[in-house]
Structure formats: C-alpha cells, structure tokens
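Participant: the sequence isn't on hand, but the structure is:
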C-alpha cells in the first residue's frame, strides 16, 4: 500500500475544481489534476445536501474504500477530489468502485 496525502486546504480543492478535469456519474464526481510532487493526494467532499452526518460519513467511507482498492493501479503525481452526490448513500460500495474505476480510466491515470 502506497502512502497518499490528504487535501485539507480550501485552495487545494479550488485548484482541482477550477483547473482539473472532471468526470461525472450518478453517484460520484471526480476531479483530477496533475500535481508537482510524486505523491497521490486525495480529498473527499460531502455536502449537507447528502443528508445527516451518518449518511455523509458513509459516503466518505465507501469512497475511501473504493480508492484504497484502486490505489496500487494509479500513476503517481495526481490530486483527486471526489464529490459525493445525492444518490451516493444509497449505492453499494461496488457501484462507487466501478464508477471511480471508469473515471480513472477515462482520465488515463491507471497504470497499463
């Protein structure tokens, strides 16, 4: 398992939103942008539109789990921001995994 860093500052998220490439599915939005380091950086956002704290935490948990499964297949040097959508708390973790995998394949950030 590789080490990855967490995006914490608002400017890091805003950079991904403004300059990053976005991919949308029913349960997940993914923003991907190349960074200047050789690390993977990940940020997860869930708004209050998703539901109460229990639903938002579940969304973050299943998004994080899907990312951990794909982590070894991802090229280094990218920032990822995953945004939960209204349907996310009602989807299975395998649905989120498949959506995330499709987004990363479209972005061409998976190793060959």
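Facilitator: On my side now, so go ahead. As the structure is a computational prediction, the values presented were derived from the model and not from experiment.

Participant: which helix or strand contains the residue positioned nearest the centre of the chain?
Facilitator: Central residue check for the chain by C-alpha atoms, centre = their mean: the C-alpha nearest the mean position is that of residue 82, 2.9 Å away. Assigned by DSSP states H and E, residue 82 belongs to strand 78-84.

Participant: and stretch 51-61, what's buried?
Facilitator: 51, 55-56, 58-60 (16 or more other C-beta atoms under 10 Å). Heads up, the C-betas are built off the backbone N, CA and C, glycines and all.

Participant: leaving out the residues flanking it, which one is nearest to residue 59?
Facilitator: residue 84 (3.9 Å; C-beta to C-beta, 6 or more residues apart in numbering).

Participant: measure the one you found to residue 77 for me?
Facilitator: 25 Å (C-beta to C-beta, to the nearest Å).

Participant: also residue 109?
Facilitator: Distance of residue 109 to residue 77, computed by C-beta to C-beta: 9 Å.

Participant: with residue 68 instead?
Facilitator: Look at residue 68 and residue 77: by C-beta to C-beta, they are 19 Å apart.

Participant: wait, doesn't the residue nearest to the centre of the chain sit right on residue 29?
Facilitator: Yes: with contact defined as C-beta atoms under 8 Å, residue 82 counts as touching residue 29 (7.3 Å).

Participant: so how many other residues sit close to the residue nearest to residue 59?
Facilitator: Residue 84 has 26 neighbours, counted by other C-beta atoms under 10 Å.

Participant: what's near enough to touch it?
Facilitator: Counting by C-beta atoms under 8 Å, 6 or more residues apart in numbering, residue 84 touches 27-28, 44-47, 50, 56, 59-60, 63.

Participant: scan the residues you listed and report the most crowded one.
Facilitator: The residue in those with the most neighbours, by other C-beta under 10 Å, is residue 59 (28 neighbours).

Participant: surely that residue touches residue 46?
Facilitator: Yes: in this structure, residue 59 is within contact of residue 46 by C-beta under 8 Å, at 4.9 Å.

Participant: pLDDT below threshold where in the protein?
Facilitator: For the chain, applying pLDDT under 70 flags the ranges 1-3.

Participant: ok, how many other residues are close to residue 21?
Facilitator: Residue 21, neighbours per other C-beta under 10 Å, totals 15.
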